[in-house]
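1. only geometry, no sequence info:
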């Protein structure tokens, strides 16, 4: 608990919990002039959207549970860490010690085999010191996600001008695990026809199906006819084989929702997928450099710039009510009372006003390894970010054949250039709602000999495919839990629903002015003071350490080695250079890139992939 007093003590909205949805809500409210106090019991931003280094996770495990958690309830369970490198080194040291003793005893007895050859120990790539450094450079997302190249999240950060805080990597590879082999999922017409796993008749069938789905009018009668029909009926109608169904579920739909899906949802997801193919590469996804947690922190920075007050490590012991039973404020764990008109509360907090809601557990297995699950075969190939999909029939289910809720195993692999893993390492993150399937898939895909570290835990997720925020109840609204899907669309829809409950006709997250467009009051400018209602006022509460001359976090639109800078609408140019902390990543030359204007937004990236019309 922080021994501080929060000032001021009156706010329009008090938000409890700094998850992604809550951070977007805070940004949208502060942008239209609402006074916002954003609190969190934890000493870090993001809740289950947070990112940890391995060193930080070790500290989390060592923490003692709070004696006064207040309303907060943990969102992850059974966090376990295994330092496989240290275990391997101990075993290696033990073998060397036993070998030395054996040689010493034989020397004393004068026995020596003339044919015995001296064994020279090969030096390890790692030392304890270098591995400790690696642990500090690995970023593990508690809830990993990817963004569609032109999906809801990219559109929001571009339209709101929040893009100045973020850079992305394109997803380079997508694999489906089939018959104990990782097969590359064909994501374009060229890859489909070049695929060696598909027969010629299958190639024609899937192209026929995709062409039909892409051209189907979602408002027409033909689409309405599929509303009450199942996924299996759709595949049977177009005579798709088991191989093609697996391809669609893995590569196109990602099969992260309930299975089977309604036919209309399959058609929507196929259209969404195909509309995003080719914008940055053949795979329609991008991933934030340094991890998905950067997105939540970008909205925190945005909100702080517009005046929100942030207090971490400060628990909330109660939601206070007036005589009529309506919300009137909160009591902090230091005893201070803060008044507010409305409260937005994370699902990780429970109170008699807002009871807890249903959850489903999603299990996570994370490995830090020395080699990729699918090493690149050509020097021109890149393995920065890869998607992994293990269908239900390949993940075997429980020992008695029960698949639980029929959830597949969804995974991500991050190479050393992703900003998530470290030099000479790969981070493999596997998730599933079936723990037995998850363990078996990891055992088949990840060799023990290359594993350096293992992390396992379970997180609370929404049991549905939508988070479902609650309705306003006596001045309080609770946000929903994250859903088990591959994107961010649900969080954005959730945040906008809450925003509409708290406001009437205001615009949701309008664009922020650029730093060079900040307006200064002439009289206060002489005194060096920014006018209090200036859009770019620096409150001193920003969460990040990427600060510009006004204390505001700024990314100048630079890209590095294939990084993608999503540029706000109306900006006309970006540069190719370095966008990574020089102290951490080393000095590098900055080069001028080719300027290109596409519609109202511009994307500049190095590498071989082409930029598309939208980011």
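-> Received it, and whenever you're ready, just let me know what you need. Keep in mind that what you see is a predicted model, and the values were worked out from it rather than measured.
2. Tell me where the model's unsure across the stretch 351-500 of the chain.
-> 351-358, 380, 392-407, 464-470, 486 (pLDDT under 70).
3. mind listing the strands for it?
-> With strands called from DSSP state E, counting those that start in this stretch, the stretch 351-500 of the chain shows them at 360-369, 385-390, 409-414, 426-432, 451-461, 476-478.
4. tell me the angle of the longest one relative to strand 360-369?
-> Read it as strand 451-461. Relative orientation of strand 451-461 versus strand 360-369 (axes from the mean of the first three to the mean of the last three C-alpha atoms, to 10 degrees): 160 degrees.
5. in the chain, which ranges drop under the pLDDT threshold?
-> Ranges of the chain meeting pLDDT under 70: 1-2, 64-69, 109-125, 251-260, 351-358, 380, 392-407, 464-470, 486, 518-615.
6. In CSV: the strands of the stretch 351-500 of the chain, plus distance to residue 9 and mean neighbour count.
-> C-beta here means a position set from N, CA and C on the backbone, and glycine is covered the same way. Converted to CSV, the strands of the stretch 351-500 of the chain look like this (distance: least, C-beta to C-beta, whole Å; neighbours: other C-beta atoms under 10 Å):
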stretch, distance to residue 9, mean neighbour count
strand 360-369, 39, 22
strand 385-390, 45, 26
strand 409-414, 43, 26
strand 426-432, 42, 24
strand 451-461, 32, 21
strand 476-478, 19, 23
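7. Tell me which of those strands lies nearest to residue 10.
-> Within those, the stretch nearest residue 10 is strand 476-478; the backing value is 17.2 Å (C-beta to C-beta).
8. just checking, what packs against the closest one?
-> strand 337-345, helix 489-502 (3 or more C-beta pairs under 8 Å, 6 or more residues apart in numbering; DSSP states H and E).
9. buried ones in the longest one?
-> By neighbour count, and taking 16 or more other C-beta atoms under 10 Å as the criterion, the buried residues in helix 489-502 are 489-492, 494-499, 502.
10. likewise the first one?
-> With burial defined by 16+ other C-beta under 10 Å, the residues of strand 337-345 counted as buried are 338-345.
11. again with stretch 135-145
-> For stretch 135-145, burial by neighbour count (16+ other C-beta under 10 Å) applies to 135, 137-145.
12. And for stretch 217-225?
-> Buried, per 16+ other C-beta under 10 Å, within stretch 217-225: residue 223.
13. measure the spatially closest residue to residue 313 that is not a sequence neighbour to residue 140 for me?
-> The shortest distance from residue 313 to any non-neighbouring residue, by C-beta to C-beta, 6 or more residues apart in numbering, is to residue 43 (4.1 Å). For residue 43, the distance to residue 140 equals 17 Å [C-beta to C-beta, to the nearest Å].
14. now swap in residue 197 and tell me
-> For residue 197 relative to residue 140 (C-beta to C-beta), the value is 32 Å.
15. Regarding the chain, what is its longest helix?
-> helix 84-109 (DSSP state H).
16. That one: what's the following helix or strand?
-> Per DSSP states H and E, helix 84-109 leads on to helix 128-137 as the next helix or strand towards the C-terminus.
17. Determine the set of other helices and strands touching that next one.
-> Using 3+ C-beta pairs under 8 Å, 6+ apart as the contact test, the elements touching helix 128-137 are helix 54-62, helix 84-109, strand 451-461.
18. tell me the most buried of the ones you listed?
-> Across the helices and strands packed on helix 128-137, averaging neighbours per residue (mean count of other C-beta atoms under 10 Å) puts strand 451-461 on top, at a mean of 21.
19. What pairs with that strand, parallel or antiparallel?
-> strand 76-82 (antiparallel), strand 360-369 (antiparallel) (DSSP bridges).
20. tell me the angle that strand makes with strand 426-432.
-> Using the same axes, to 10 degrees: strand 451-461 against strand 426-432 is 30 degrees.
21. Quick one: work out the angle between strand 451-461 and helix 128-137.
-> Using the same axes, to 10 degrees: strand 451-461 against helix 128-137 is 20 degrees.
22. who does the nearest residue to residue 171 once chain neighbours are set aside bridge with?
-> In this structure, residue 171 finds its nearest non-sequential neighbour in residue 285, 4.1 Å apart by C-beta to C-beta, 6+ apart. On the basis of DSSP bridges, residue 285 is bridged to residue 148.
23. And for residue 285, the neighbour number?
-> 28 (other C-beta atoms under 10 Å).
24. contacting residues around the residue most central in space within the chain?
-> Nearest to the mean C-alpha position of the chain, counting by C-alpha atoms, centre = their mean, stands residue 292 at 2.9 Å. If you count contacts by C-beta atoms under 8 Å, 6 or more residues apart in numbering, residue 292 has them with 49, 51, 141, 143-146.
25. Just the closest of those residues to residue 72, please.
-> Once C-beta to C-beta is applied, the member of those that ends up nearest residue 72 is residue 49, at 15.7 Å.
26. who's in contact with that closest one?
-> 19-20, 141-143, 292-293, 295-296, 482.
27. hang on, the earlier thing: ok, of the buried residues of strand 337-345, which one's closest to residue 71?
-> For those, the nearest to residue 71 is residue 345 (7.9 Å; C-beta to C-beta).
28. can you pull the contacts of the nearest residue to that closest one once chain neighbours are set aside?
-> The spatial neighbour of residue 345 that comes closest, neighbours along the chain excluded (C-beta to C-beta, 6+ apart), is residue 16 at 4.6 Å. Neighbour list for residue 16: 22, 39-40, 71, 316, 330, 343-346, 349 [criterion: C-beta under 8 Å, 6+ apart].
29. 6 Å - rerun?
-> By C-beta atoms under 6 Å, 6 or more residues apart in numbering, residue 16 lies in contact with 39, 316, 345-346, 349.
30. what's the answer for residue 48, then?
-> Residue 48 is in contact with 75, 142-143, 459, counting by C-beta under 6 Å, 6+ apart.
31. Can you tell me the SS state at it?
-> The three-state label given to residue 48 by DSSP: H, G, I helix; E, B strand; the rest coil is helix.
32. With distance to residue 12 and secondary structure as extra columns, can I get the contacts of residue 48 in CSV?
-> Formatted as CSV, the contacts of residue 48 follow (distance: C-beta to C-beta, whole Å; DSSP: H, G, I helix; E, B strand; the rest coil):
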residue, distance to residue 12, secondary structure
75, 27, coil
142, 30, coil
143, 29, coil
459, 31, strand
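33. number of nearby residues for residue 165?
-> A count of nearby residues for residue 165, using other C-beta under 10 Å, gives 24.
34. Checking the nearest residue to it once chain neighbours are set aside next. Helix, strand or coil?
-> Once flanking residues are discounted, residue 165 sits nearest to residue 298: 3.9 Å by C-beta to C-beta, 6+ apart. Secondary structure, three-state DSSP: residue 298 is helix.
35. Could you number the chain from 58 rather than 1 from now on?
-> Okay, using 58 as the starting number, the last item reads as residue 355.
36. Please give me every residue in contact with residue 355.
-> Shown in contact with residue 355 (C-beta under 6 Å, 6+ apart): 219, 222-223.
37. let's see it at 8 Å
-> 214, 219, 222-223.
38. Who is residue 443 paired with across the strands?
-> Beta-bridge partners recorded for residue 443 (DSSP bridges): residue 230, residue 470.
39. I'd like the distance between residue 498 and residue 249.
-> 26 Å.
40. Give me the distance between residue 156 and residue 163.
-> 11 Å.
41. no no, residue 237
-> From residue 237 across to residue 163, the span is 45 Å (C-beta to C-beta).
42. cool, and residue 547?
-> For residue 547 relative to residue 163 (C-beta to C-beta), the value is 68 Å.
43. With residue 396 instead?
-> 82 Å.
44. Tell me the one among the contacts of residue 349 nearest to residue 422.
-> residue 201 (12.1 Å).
45. helix or strand for that closest one, which one?
-> Residue-wise, residue 201 maps onto no helix or strand under DSSP H and E.
46. next one: the one 10 residues further on
-> Assignment of secondary structure by DSSP H and E places residue 211 within helix 209-216.
47. helices or strands next to that helix in the packing?
-> When contacts are defined as 3+ C-beta pairs under 8 Å, 6+ apart, helix 209-216 packs onto strand 204-205, helix 350-362, helix 546-559.
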